[in-house]
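>>> the sequence and its predicted three-dimensional model are supplied below.
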Amino acid sequence: MFSRDFLAGLMMLLVAGALFFDGRGLEFGTPEMMGPGFFPFLAAGGLALLSTILMVSGLAAGAPRLEPMGVRAPVMVILAGVAFAVLLDHVGALAATVAVVVLCALSIRDFRWKEVALVAIGMAALVGFLFVYFLQLPMAM
């Protein structure tokens, strides 16, 4: 079994590869006249470098191994994302945000409802302030 660091580095390397692939059609330019592909290429290169370093450190002896994980946490987090996408148009951003916080909390075995309620209220207030008041986006609340 591979270590957590190795697998995290591998995932980051895949993301870097996707960034390289996605930006392949953009003009690179020069350092003096940067094109639209300049920054994505540098960001993908930096990510690839860091992920390679992480993978090499993950191969070292004594690196923490990946422990088996249940399906509850990933399923609840994916369900939270799907629920947000579905609920956003139907009940608004505030209720969708509360639903996301509650569903993500359900992925943890020993969560406390009081803390979940406080985080949900805080996140809903932040969403309301940021997107409606600050950015003035026309969205259902």
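Now that the structure is in, tell me what you want to look at. The model shown is predicted, which means the values in this text are computed figures rather than measured ones. Numbers count the residues shown, from 1 in each chain.
>>> mind checking how far stretch 36-47 is from the chain centre?
Taking C-alpha atoms, centre = their mean, to the nearest Å, one finds stretch 36-47 lying 19 Å from the centre of the chain it belongs to.
>>> may I see the buried residues of it?
Buried residues in stretch 36-47, counted by 16 or more other C-beta atoms under 10 Å: 37-38, 40-41, 44, 47. For every residue, glycine as well, the C-beta is placed using N, CA and C.
>>> what segments of this protein are helices?
Assigned by DSSP state H, the helices in the chain fall at 4-22, 38-58, 72-91, 93-105, 113-127.
>>> check which helices and strands the second one sits against.
This points to helix 38-58. Secondary-structure packing of helix 38-58 (3 or more C-beta pairs under 8 Å, 6 or more residues apart in numbering; DSSP states H and E): helix 4-22.
>>> show me what the helix it packs on is packed against.
Short answer (3+ C-beta pairs under 8 Å, 6+ apart): helix 4-22 packs on helix 38-58.
>>> with only the CA atoms kept, save the helix it packs on in PDB.
Output in PDB follows, covering the C-alpha atoms of helix 38-58 (Å, rounded to 0.1, in the frame of the first residue of the first chain):
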ATOM      1  CA  PHE A  38       1.600  31.900 -19.500                       C
ATOM      2  CA  PHE A  39       0.300  31.800 -16.000                       C
ATOM      3  CA  PRO A  40      -1.600  28.500 -16.300                       C
ATOM      4  CA  PHE A  41       1.500  26.900 -17.700                       C
ATOM      5  CA  LEU A  42       3.700  28.200 -14.800                       C
ATOM      6  CA  ALA A  43       1.000  27.300 -12.200                       C
ATOM      7  CA  ALA A  44       0.800  23.800 -13.700                       C
ATOM      8  CA  GLY A  45       4.600  23.500 -13.800                       C
ATOM      9  CA  GLY A  46       4.800  24.600 -10.100                       C
ATOM     10  CA  LEU A  47       2.100  22.100  -9.100                       C
ATOM     11  CA  ALA A  48       3.900  19.300 -11.000                       C
ATOM     12  CA  LEU A  49       7.200  20.100  -9.300                       C
ATOM     13  CA  LEU A  50       5.600  20.200  -5.800                       C
ATOM     14  CA  SER A  51       3.600  17.000  -6.400                       C
ATOM     15  CA  THR A  52       6.800  15.200  -7.600                       C
ATOM     16  CA  ILE A  53       8.600  16.300  -4.400                       C
ATOM     17  CA  LEU A  54       5.600  15.100  -2.400                       C
ATOM     18  CA  MET A  55       5.600  11.700  -4.200                       C
ATOM     19  CA  VAL A  56       9.300  11.200  -3.600                       C
ATOM     20  CA  SER A  57       8.900  12.000   0.100                       C
ATOM     21  CA  GLY A  58       6.000   9.600   0.200                       C
END
